[in-house]
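Asker: please work out how this folds:
(one chain, ligands or ions: 1)
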Amino acid sequence: MQTIDALDSTLRSYLNPAQAQQVRRAYYFAEQAHFGQIRRTGEPYVTHPLAVAGILADMHMDHQSLMAAMLHDVIEDTGIEKDSIGSQFGPAVAELVDGVSKLTQMEFSSLAEKQAENFQKMALAMARDIRVILVKLADRLHNMRTLGVLPQDKARRIARETLEIYAPIAMRLGMNAVRMEFEDLGFSALYPMRASRIKAAIRASSGYRKELVDKIRHQIESTLEQEGHDVEVIGREKHLYSIYSKMKSKKKSFSEIMDIYAFRIIVDSVDTCYRVLGSVHSLYKPVPGEFSDYIAIPKANGYQSLHTVLMGMHGVPIEIQIRTREMEEMANNGIAAHWLYKSDSHSANGSHARAREWVQGLLEMQQRAGNSLEFIESVKIDLFPDEIYVFTPKGRILELPRGATAVDFAFAVHTDVGNSCVACRINRRLAPLSEPLQSGQTVEILTAPGARPNPSWFNYAVTAKARTNIRHFLKHQTREDSVALGKRLLDKALQAFDSTLEQLPEDRLQDYLANNDYSALEDLLEDIARGNRLPPITAQQILGEFVEPSESAERKLQPVAIRGTEGFMVTYARCCHPIPGDPIEGYLSSEKGVVVHRERCKNLMEMRENRERLVALRWDDQVQGEYLTELRIEVENRRGMIAVLATRINSMGVNIEKISTEDKDYQFTFVDLAMQVTNRVHLANIMKRLRTVNSVRRVSRLKNEAPARRVKPGANR
Ligand code: MN
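Answerer: Numbers count the residues shown, from 1 in each chain. Prediction:
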């Protein structure tokens, strides 16, 4: 059991004697106020506030927070008034204690309640002084550690609340160590059987794992040592709850999750982070698409690190995090790690500044916002950047992920509403279905009987519910899509014979269908779209053997327009990454339907022998969507260059999907970037901006292009 004397030595290690003395005074006050009260553990009640203050002292929180921790249950449990705390310990401490008491009175018993009043009170209390939340988190942490003494139903309720409310808040504040303890304790209390099964499995696998972990760590260490990096390599073990959630959400088995080996590399500077990244990428092959640069673009809670995944020996996946010691501190304790910035004169560097900005931002918002509702909305955005809250016309609150659109909203209301949705009003104004929703908006969905989901919704529906429903619908709907595409393809082929589907003599068409065992024209069109039957040959067969392609028709031949909304019947070749604006040509694949290539793609050249499978294509004027493309950037070997490039690209609102590097020589490096763009103009703008970056020598698009065909001199004469 902790004593005030033991705590005192921690206090004196970072507070001045007068501050430490005030904390002690608060302890004696609490001891007296709670006199005679006993916890369920059998200990005097004051051991609880003392332990809470101890948790905060370990985070090096300021003396007022610690005093508030000592006094946090005094108003609630002993009837002592806020005013008398104020006169004894000052208004700041009284406000903190009052804030914590108000949070404690809240019970998040139902989802509706959580969304409505309670959540708002919490946000308000939090913004008034964020230390209220830190004291409350420490209070909850100690209660979770002593949860075993409570009756089971109460323990389960507290555990659930911890998982649903407090663990996410700890995460938003970047307090990972607290979050993980919340999750493990909460999970064990809520699902004791599952927890003990996973614990046993971890024990059973630990011997075999340790050997491999040591081996990989040794390889990484010696490689980095040879290259002169002074680093610390830590093998990371997944915590209980993260194993469980991965098993649940990704439907993976225990061994699949444990087969991933995770390491953290702590280095001395930001530059070294990137250099170490290069070294580990040359040691093991990186898995494409798994690199994330949270140094250039920190997470909303201030978290910074480089993340990558490598393929180790025997194909073992290895997750690597690379960060500086300061970033590590921030990752574990978040905002609490830097609470003392006010008394810390020498440092106003990155993480400190961010913590200060975070708090400052909240306070400024409070002052700026005219009414409290508006204020709450803005606080919510800062606190829960991944979720938005929108109202139905009847005032129900729906929670959606950030970036969600009216389509997601419609499916969240009801599947039938989603399926028959045609338009929406956002705050009573007609708006496109693709417009991302903002917290606080009222959304009304307009439906029409017989309306159908549109394949283009796939471009902006983000929730699993909407996507699953659209996909399900389209599976049945694909036939209509295929028939429409097949019609366009066949029409185009008929043009070569100066004909169209409409102009075809009915009897000739019916003969053809009968002779080829088609019961309806739609069946034929669907077959064409699926690549099972080739349009030029079909056109010729329908018209009869004796029809020659007309020369004049061939000249006015219209290529088929690609709109980007065709759904499953049109795919974009991964070899040459066509984007709107590129000259394109299609290849009819019997598995994938129409595959769009760039006109001069090498792979397409090789497929040219199958002339009848080629389709002339063009981009529709109204083409929609984003398309993957790849750039190669030649840069001087300079530290931190990848971060500079990534930041520049991100500042243009462009998503990077993959980064890889390849040293060209001692002076230059190739950086290959895969990203999503809307068209060639968009891409050209990005390239132009990148060329203005210092140390960038050349920016070019990766093409997979065949060399231009040579024209023999004099051939035309
Ligand atoms: Mn308490």
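Asker: which residues of this protein lie near the ion?
Answerer: Residues of the chain lying near the ion by C-beta under 5 Å from the ion: 73, 139. Where C-beta positions appear, they are placed from N, C-alpha and C, glycine not excepted.
Asker: hey, which helix is longest across the chain?
Answerer: Taking DSSP state H as the criterion, the chain has its longest helix at helix 192-226.
Asker: flag every buried residue along the strand or helix carrying Gln540.
Answerer: Assigned by DSSP states H and E, Gln540 belongs to helix 535-543. Within helix 535-543, the residues that count as buried by 16 or more other C-beta atoms under 10 Å are 535-536, 538-540, 542-543.
Asker: now render those residues as a markdown table, adding pLDDT and distance to Gln19.
Answerer: A markdown table is the format used below for the buried residues of helix 535-543 (pLDDT from 0 to 100; distance: C-beta to C-beta, whole Å):
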| residue | pLDDT | distance to Gln19 |
| --- | --- | --- |
| Pro535 | 83 | 83 |
| Pro536 | 80 | 87 |
| Thr538 | 86 | 87 |
| Ala539 | 86 | 89 |
| Gln540 | 81 | 93 |
| Ile542 | 85 | 92 |
| Leu543 | 82 | 95 |
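Asker: just the residues you listed now: which is nearest the ion?
Answerer: Pro535 (74.5 Å; C-beta to the ion).
Asker: grab the nearest non-local neighbour of the closest one.
Answerer: Ala493 (3.7 Å; C-beta to C-beta, 6 or more residues apart in numbering).
Asker: same question for Leu50.
Answerer: Leu50 sits nearest to Gln2 (C-beta to C-beta, 6+ apart), 5.7 Å away.
Asker: and that neighbour, how close does it get to Thr10?
Answerer: From Gln2 over to Thr10 the distance is 10 Å, taken as C-beta to C-beta, to the nearest Å.
Asker: hmm, back to that, buried ones in the longest helix of the chain, by neighbour count?
Answerer: Buried, per 16+ other C-beta under 10 Å, within helix 192-226: 195, 198, 202, 209, 212-213, 216-217, 219-221, 223-224.
Asker: that helix: what's the following helix or strand?
Answerer: Next along from helix 192-226, by DSSP H and E: strand 232-236.
Asker: going by contacts, tell me the helices and strands next to that next one.
Answerer: The elements that strand 232-236 packs onto, with contact taken as 3 or more C-beta pairs under 8 Å, 6 or more residues apart in numbering; DSSP states H and E, are helix 192-226, strand 261-267.
Asker: Val462: which of these is closest?
Answerer: Closest approach to Val462 among the helices and strands packed on strand 232-236 is made by strand 261-267 (28.0 Å; C-beta to C-beta).
Asker: what helices or strands is that closest one leaning on?
Answerer: Counting by 3+ C-beta pairs under 8 Å, 6+ apart, strand 261-267 packs on helix 192-226, strand 232-236, helix 270-283, strand 317-324, helix 325-337.
Asker: note down every partner strand of it and its orientation.
Answerer: strand 232-236 (antiparallel), strand 317-324 (parallel) (DSSP bridges).
Asker: could you say which of those is packed most deeply?
Answerer: Using mean count of other C-beta atoms under 10 Å, the stretch among the strands paired with strand 261-267 with the largest mean neighbour count is strand 317-324, at a mean of 22.
Asker: now that one, how far from the centre of its chain.
Answerer: Once both centres are worked out by C-alpha atoms, centre = their mean, to the nearest Å, strand 317-324 turns out to sit 18 Å from its chain's centre.
Asker: any idea of the angle that strand forms with helix 270-283?
Answerer: 160 degrees (axes from the mean of the first three to the mean of the last three C-alpha atoms, to 10 degrees).
Asker: mind saving the C-alpha coords of strand 317-324 as PDB?
Answerer: Listed next in PDB are the C-alpha coordinates belonging to strand 317-324 (Å, rounded to 0.1, in the frame of the first residue of the first chain):
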ATOM      1  CA  PRO A 317       6.100 -10.400 -41.800                       C
ATOM      2  CA  ILE A 318       8.000  -7.900 -39.600                       C
ATOM      3  CA  GLU A 319       6.400  -4.700 -38.500                       C
ATOM      4  CA  ILE A 320       8.800  -1.900 -37.800                       C
ATOM      5  CA  GLN A 321       8.300   1.400 -36.000                       C
ATOM      6  CA  ILE A 322      11.100   3.900 -36.200                       C
ATOM      7  CA  ARG A 323      11.100   7.000 -34.000                       C
ATOM      8  CA  THR A 324      13.200   9.300 -31.800                       C
END
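Asker: could I get the average pLDDT for it?
Answerer: Taken as a whole, strand 317-324 has an average pLDDT of 92.
Asker: same question, stretch 47-65
Answerer: Stretch 47-65 comes out at a mean pLDDT of 91.
Asker: ok, stretch 329-336 next?
Answerer: 76.
Asker: do the same with stretch 72-90
Answerer: Average pLDDT, stretch 72-90: 90.
Asker: now swap in stretch 471-482 and tell me
Answerer: Stretch 471-482 comes out at a mean pLDDT of 73.
Asker: now stretch 226-242
Answerer: 87.
Asker: what about it, start to end distance?
Answerer: End-to-end distance for stretch 226-242: 35 Å, by C-alpha to C-alpha, to the nearest Å.
Asker: and that stretch, how far from the chain's centre?
Answerer: Relative to where its chain is centred, stretch 226-242 has its mean C-alpha point 23 Å off (C-alpha atoms, centre = their mean).
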